[in-house]
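J.: Have a look; sequence and predicted model below, questions after that.
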Amino acid sequence: MQIAKIPAPDFDLAVTLDSGQVFHWKEVGDGFAGAIGDSAVYLEQRGDSLFVSGGAEGLVGNYFALDHPLSEICASFPNDAVMNAAKHFCRGLRIIRQPKWESLATFICSSMKQVAHIRQISRKLRERFGEERKIVNRVVFTFPSAKRIAASSENELRGCALGYRAKNLLATARQVAHGEVNLEKMSILPDVDLRAHLCELPGVGAKVANCVMLFAYERLRAFPIDVWIERVLREKYFPRARKLNAGRLRAFTDKYFGDHGGYAQQYLFHHARMTKTRTKRKRGRFVTLSRVK
DNA sequence: CTCCAGGGATGAT
DNA sequence: ATCATCCATGGA
């Protein structure tokens, strides 16, 4: 196996792969094995260098967006205590450029699921419907195409622990496979129109649409608000606000976090998830109940 | 065992 | 327009 070395300053492979953007990489020795699109890849980081299985250098550099000016992006974050803590904690985290269908399908499956569950769903979909590849003596699977998912049945998808999400994934896969929507051509749309088109797909609402925009369409302003981010916003930015609805939070995040809001969001998300504490509102304040490992 | 999760669709106010 | 309810599943 030929291994190429590529420079990867301002990058943390492990943090990036563990930050809830992608769900299929598995640890192998000191590195990770998985698929980028159709190609099986092995990755290992040593300091500021990335060691990549043969021929995948360009693929890897693009996937991990090593061209993003990360220090400038982080410098554009709002200067407050919460953001600074997350920025320090997540140093080297980059927003990945994911394949569009893979990202869309995965986040349709993500609703009301913990990250560990999404990993299982991703693995089962790949093992059952994807294509097998081999890398460093390991078997990995590509993510199944929309056509392959569309050719399956709802019951087969339910067999991948999808539950009620199976119907949505199948319906969206059919629209993509039949050409009713063209995910690639949607790249030319401005944010507002892209979001509106994505939200017309079954199982896609504002949150999933923003994830796909951020992770697959490189819309670095897109700011997904899930239960974790909503908790951070309520507890840290509006600690005693009453009647904070979704629209109010949306208005705040869109103007406060700015042009790289999606990056800021990902840092806040990963930081919160890795340092999670249970809290409860008590006499207008949030108090810690118990710390979870 | 219980709790809860990178939500969305639907129907009632 | 906002709000409540339901939807399945399994790791922690």
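T.: Structure's in. What do you need?

J.: Excluding chain neighbours, what is closest to A:Leu104?
T.: Spatial nearest neighbour of A:Leu104, excluding adjacent residues (CB to CB, 6 or more residues apart in numbering): A:Val212 at 5.1 Å. Every C-beta, even on glycine, is put in place using the N, C-alpha and C of the backbone.

J.: residues near the one you found, how many?
T.: Neighbour count for A:Val212, taken as other CB atoms under 10 Å: 30.

J.: Report the contact partners of it.
T.: A:Lys100, A:Ser103, A:Leu104, A:Phe107, A:Leu198, A:Val204 (CB atoms under 8 Å, 6 or more residues apart in numbering).

J.: 10 Å instead, please
T.: A:98, A:100-108, A:183, A:186, A:194-195, A:198, A:201, A:204, A:219, A:222, A:224 (CB atoms under 10 Å, 6 or more residues apart in numbering).

J.: so of the residues you listed, which ones are in strands?
T.: Among those, no member falls in strands (criterion: DSSP state E).

J.: Residue numbers of the stretch 151-293 of chain A in contact with DNA strand C?
T.: Counting by CB under 7 Å from any atom of the strand, the stretch 151-293 of chain A comes close to DNA strand C at A:Arg158, A:Ala161, A:Leu162, A:Gly163, A:Tyr164, A:Lys243, A:Asn245, A:Ala246, A:Gly247, A:Val292, A:Lys293.

J.: tell me the contacts of the fifth one?
T.: What it means is A:Tyr164. Per CB under 10 Å, 6+ apart, neighbours of A:Tyr164: A:Ser111, A:Met112, A:Arg158, A:Gly203.

J.: Specify which member of those residues is nearest to DNA strand B.
T.: When the contacts of A:Tyr164 are compared for distance to DNA strand B (CB to the nearest atom of the strand), A:Ser111 wins out at 3.2 Å.

J.: Where does the residue nearest to A:Val136 when sequence neighbours are not counted sit: helix, strand or coil?
T.: Among residues not flanking A:Val136 along the chain, A:Tyr42 sits closest, at 4.6 Å (CB to CB, 6+ apart). Judged by DSSP: H, G, I helix; E, B strand; the rest coil, the three-state class of A:Tyr42 is strand.

J.: mind checking the SS state of the residue nearest to A:Leu104?
T.: helix.

J.: And the residue of the stretch 51-200 of chain A closest to DNA strand C?
T.: Closest point on the stretch 51-200 of chain A to DNA strand C, by CB to the nearest atom of the strand, is A:Gly163, at 2.9 Å.

J.: Wasn't that residue part of a helix?
T.: No. Using three-state DSSP, the secondary structure at A:Gly163 is coil, not a helix.
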